[in-house]
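Asks: Pasting the sequence and the predicted coordinates here, then a few questions.
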Amino acid sequence: NNSTLDSTNLQPQDWCTIAIAILEAYDSYESFIVLHGTDTMAWTASILSFLMTGLDKDGHYNALLSKPLVVTGSQLPLFVEKADSSYTVRFNTDALQNVCGAVTSCCEGVPEVCLYFDSTLMRGNRTVKTNASENRRVGSG
């Protein structure tokens, strides 16, 4: 299913679906980027950090993450619709900056779930949404 889902409507099954999709493609790629709405982006990064390094019932790793997985999003859309109904990239937004930052972060090869936002790479399970109206909305603690 490639449909878009508003991040405010995410359910636990959606986080499992994301993790399963990554695991199914795991051997085919060197790293992964999850594009996400900002409302629950910190939650998703945190949950994925546990799902991707989960323990089985005996306490053994069942999905040891050995590749970068970066979650990112933006305040403004990456694409804008033109008059002819085609789309073009918005070059002057946080969307392009965050995607480029996520790609650069993946190239660094840090094998964990991270969140890239506002020119900052943060550990996925240490992030929290801090502000719903300012550009700097996600922090790490």
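Replies: Alright, I've got the coordinates.
Asks: Please identify the buried residues of the longest helix seen in the chain?
Replies: Identified as the longest helix of the chain according to DSSP state H is helix 94-108. Using 16 or more other Cβ atoms under 10 Å as the burial criterion, the residues of helix 94-108 that qualify are D94, A95, L96, Q97, N98, V99, G101, A102, S105, C106. To be clear about C-beta, it is placed using only N, CA and C from the backbone, and glycine gets the same treatment.
Asks: Going by distance to P12, which of those residues wins?
Replies: Nearest to P12 out of the buried residues of helix 94-108 is A102 (Cβ to Cβ; 24.1 Å).
Asks: and the closest one, what pLDDT?
Replies: According to the prediction, A102 has pLDDT 98.
Asks: How about V138?
Replies: Predicted confidence (pLDDT) for V138: 62.
Asks: Ok, A45 next?
Replies: Confidence for A45, expressed as pLDDT, is 97.
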